[in-house]
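Enquirer: model the structure of this input:
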Amino acid sequence: MLLMLFSSASGTFHGGAFGDWTLAGHLALLLFVAAFGEVWPDPLRLGRSGNVLLVAFLTTVVVSFWLSPVSRAGSMSLILLPAFFLVPSAVARCWATVEQRQLGLRSIAGVVVVIAGWSLFGWWRLETPGTSLPLGHHNLLAAWLLVWLPVVVVGWRERGIGRVIVGMALGLGIVSLVLTGSLGAAVAVGIVALLAAMRTRWGRIGLMIAGALVVLQGPRLFDVATGADFSTIARWSYAQAGWKGLIERPVFGWGPGAASWTLSEHFRPIPGIHPPDQVVADLHSVPMQIGYELGFTGLLLVTGLTIVWVRRRWVTPSQDHLLRRGAAVGLVTLALASCVGRLLAITALPLAAALCAGMVLAAEGCAGQPAGRRWPTAVAAIVMLWWVVPLDLAQIAYDKAVRAPSEQAQLQALQRARQLDPSFPLYRLRYVLVASSQQPQTPDLADEARRAAADARGLAAPWLIAGRLGQEVGASWSRSALLEACRTSPLGALAPFYLALEEAPGSTTRRSSRASSSAASSLTDAWAARAILAEPYLLAARAWQDRRSVLAAGVHLASQLESVDAGWRQELEETYLWLEEAPESSTATRRLALMLDGDDTTSVSLHAFRRQSWSAILAEIEVDADRVVEINLAAATELRSTGSAVFAAHCGLGSDP
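Expert: Below you'll find the predicted structure:
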């Protein structure tokens, strides 16, 4: 039941964003650990040296959390980490006898039938490119199947209905795995097949599997080898961002869970590869993410724990060789896939690893193991529950706000979420957005948005919201907030657009103190150029009417950039000249609405905060209705030919200083 709950709902990418499912999953996990887990003296059977490493690792996680600039991002991970470490001992206890292992294997096969069947139905019904449901992404589903298919094979030794269920699970699971199209999964299976070919009597079968995978993934492997695979290019940029962050904080990292809120500070998106409004919340590599969040200290301790655990399993005799081999193969394939996958994005995969580790321990039996004490585990589960429930209730309150029929009901639900979890930035930011739509902007609301953006640190959308509200109330910090939004989202259009308007001649906000500064003027022109490069429709914005010189200078700068396609630059100049020479249009206007959480692929709430998407207007820009329809330029940020150095991190133009 625990596996089914996490694999179908609470531990999936979309299901984990719902408070009800999240609370149900946490309750089930903690109850399972409290009922069956053993905390003393050696729950993972690591031996004395291994337990020293385990204590050192847990201490490192606590220290990293304490030093983190965004500690709230890792609160849930810190609280539940001991529970995941106790799951293997609980599984070993539940699978102690042959009958229990037989029932457990049959149950796992049944779960695989449901999940694989679900994925195939979704693929057929929704006509998606590959299978991904219910985990939420094809790579996540592939990794999940890689864990459990080797375990399911073990159940083939059973007779009768058990073998029928296993056969169904293998058939549906293999088809679903192939249809994911996951290159990482294919490489992991290929490596395991080659190892099997070298070390077992199934050599020919292993070589056939590896050869088949090479044929199936041949075109993709060729693209990777020639540097033409966009996914590989994107992952390399994530790795570069992770390395920059790791070097900046090498000892204890940025803190558990911090990647989703801080990675954008080190990330340089590539035009044509990364969408301009992409939320980069994961490094797509578990070893790199561990290093980024826990530093070299945490990475070395995890490596040491893995080596000690594997060595202990290697020298410990087994009572059920097939079960241990099946679970071990599942863990190996998951470990290989984790090197190039975002497996920490959901809890279903860490739970799968913990359950598999418990099966390895169960296969060894309990002979010679000292009796463990269960009451400390129950006490620990109660303490974890005491900390977890308020956070989950806050998420449920947020879900109520998303579904609320009126703004007043939304405010009440968000206020409840803020009370239960006051340090979570999203709840405060959403409260400000709803409140500001009901009443005139006030300095207090703007300042609350600024504090929420500072707590989220590296996310552009909160800084943009804070900067806009700050501009409306004349706050002195609005410019710095917009600069942060530009820095953390270099391909975005809104932050440089509002900066250019604020500093341009004719602005009623801040320009007077800098009117004589040529440096400020050139920076303003650069902001205008960045806004046009990222969103050509802004050429028709009504806000330029008393700032025509800034628009002209911005177009001139953009048209001189050699890192931008020459044809695009020529078309930009021609479009601008046509707009300037066209006769005066009517007074008809349209509003160019830019959305927050416009869709799930770029949702800040879903990817950065792991909460339900909630569509809201981020900005409405008035444009000339007759002129905007004549603009047919694609954004330069969407062209692969555009050089990323154009969008400098300091929010100017050209290479970084």
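Enquirer: pull the CA atoms of stretch 284-304 into CSV?
Expert: These are the backbone C-alpha positions of stretch 284-304, laid out as CSV (Å, rounded to 0.1, in the frame of the first residue of the first chain):
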residue,chain,number,x,y,z
HIS,A,284,19.4,16.5,-13.4
SER,A,285,22.1,14.5,-11.7
VAL,A,286,21.8,13.2,-8.1
PRO,A,287,25.6,13.2,-7.4
MET,A,288,25.9,16.8,-8.5
GLN,A,289,22.8,17.8,-6.6
ILE,A,290,24.1,16.2,-3.4
GLY,A,291,27.3,18.1,-3.8
TYR,A,292,25.6,21.3,-4.5
GLU,A,293,23.2,21.0,-1.6
LEU,A,294,25.5,19.4,1.0
GLY,A,295,29.0,20.3,-0.3
PHE,A,296,32.0,18.0,-0.8
THR,A,297,31.5,16.9,2.8
GLY,A,298,28.1,15.5,2.2
LEU,A,299,29.1,14.0,-1.2
LEU,A,300,32.1,12.2,0.3
LEU,A,301,30.0,10.8,3.2
VAL,A,302,27.3,9.5,0.8
THR,A,303,30.0,7.9,-1.3
GLY,A,304,31.5,6.3,1.8
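Enquirer: what sits up against that stretch?
Expert: 53, 56-57, 60-61, 64, 74, 234-235, 238-239, 242-243, 245-246, 249-259, 263, 282-283, 338-344 (Cβ atoms under 8 Å, 6 or more residues apart in numbering). Heads up, the C-betas are built off the backbone N, CA and C, glycines and all.
Enquirer: stretch 115-124 too?
Expert: 7-8, 128, 130-135, 141, 144-145, 169, 172-173, 175-176, 179.
Enquirer: and that stretch, what's buried?
Expert: Ile115, Ala116, Gly117, Trp118, Ser119, Leu120, Gly122, Trp123 (16 or more other Cβ atoms under 10 Å).
Enquirer: in which helix or strand does the third one reside?
Expert: Same thing as Gly117. Using DSSP states H and E, Gly117 maps to helix 98-126.
Enquirer: coming back round to it: give the buried subset of the contacts of stretch 115-124 as a PyMOL selection command.
Expert: Of the contacts of stretch 115-124, the buried ones can be selected in PyMOL as follows, counting by 16+ other Cβ under 10 Å:
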select buried, resi 7+8+130+131+132+133+134+135+141+144+145+169+172+173+176+179
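Enquirer: any low-confidence regions in this protein?
Expert: The chain contains residues with pLDDT under 70 at 39-40, 197-204, 206-207, 367-373, 503-521, 584-588, 654-657.
Enquirer: list the contacts for Gly470?
Expert: Contacts for Gly470 (Cβ under 8 Å, 6+ apart) come out as Ala446, Ala449, Arg450, Trp477, Ser478, Ala481.
Enquirer: tell me the phi and psi of it?
Expert: phi -60, psi -40 (degrees, to the nearest 10).
Enquirer: how about the helices in the stretch 551-657 of the chain?
Expert: 566-581, 604-607, 625-628 (DSSP state H, counting those that start in this stretch).
Enquirer: repeat that for the stretch 51-200 of the chain.
Expert: Applying DSSP H, counting those that start in this stretch to the stretch 51-200 of the chain gives helices spanning 75-94, 98-126, 138-154, 161-180, 183-199.
Enquirer: could you redo the ones you listed as JSON lines and give each row distance to Ala328?
Expert: Output for these, formatted as JSON lines (distance: least, Cβ to Cβ, whole Å):
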{"stretch": "helix 75-94", "distance to Ala328": "13"}
{"stretch": "helix 98-126", "distance to Ala328": "15"}
{"stretch": "helix 138-154", "distance to Ala328": "8"}
{"stretch": "helix 161-180", "distance to Ala328": "18"}
{"stretch": "helix 183-199", "distance to Ala328": "10"}
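Enquirer: from the contacts of Gly470, which land in helices?
Expert: Members of those lying in helices (criterion: DSSP state H): Ala446, Ala449, Arg450, Ser478, Ala481.
Enquirer: show me which pair in the residues you listed is furthest apart.
Expert: Pairwise distances across those (Cβ to Cβ) peak at 10.5 Å, for the pair Ala449 and Ser478.
Enquirer: so what sits against both of those two?
Expert: Common neighbours of Ala449 and Ser478 (Cβ under 8 Å, 6+ apart) are Ala466, Leu469, Gly470.
Enquirer: so who does Cys339 touch?
Expert: Gly184, Ser285, Val286, Pro287.
Enquirer: Ala258 versus that one, what's the distance?
Expert: Using Cβ to Cβ, to the nearest Å, we find Cys339 at a distance of 21 Å from Ala258.
Enquirer: ok, Cys356 next?
Expert: Applying Cβ to Cβ to Cys356 and Ala258 gives a distance of 27 Å.
Enquirer: neighbour count: these two, which is higher?
Expert: Ala258 (28 against 24; other Cβ atoms under 10 Å).
Enquirer: do you know how far that one is from Arg45?
Expert: On the measure of Cβ to Cβ, Ala258 and Arg45 end up 31 Å apart.
Enquirer: tell me which residues of stretch 461-479 come out buried.
Expert: For stretch 461-479, burial by neighbour count (16+ other Cβ under 10 Å) applies to 461-472, 475, 478-479.
Enquirer: strands along the stretch 451-600 of the chain, start to end?
Expert: Ranges of strands within the stretch 451-600 of the chain are 589-596, based on DSSP state E, counting those that start in this stretch.
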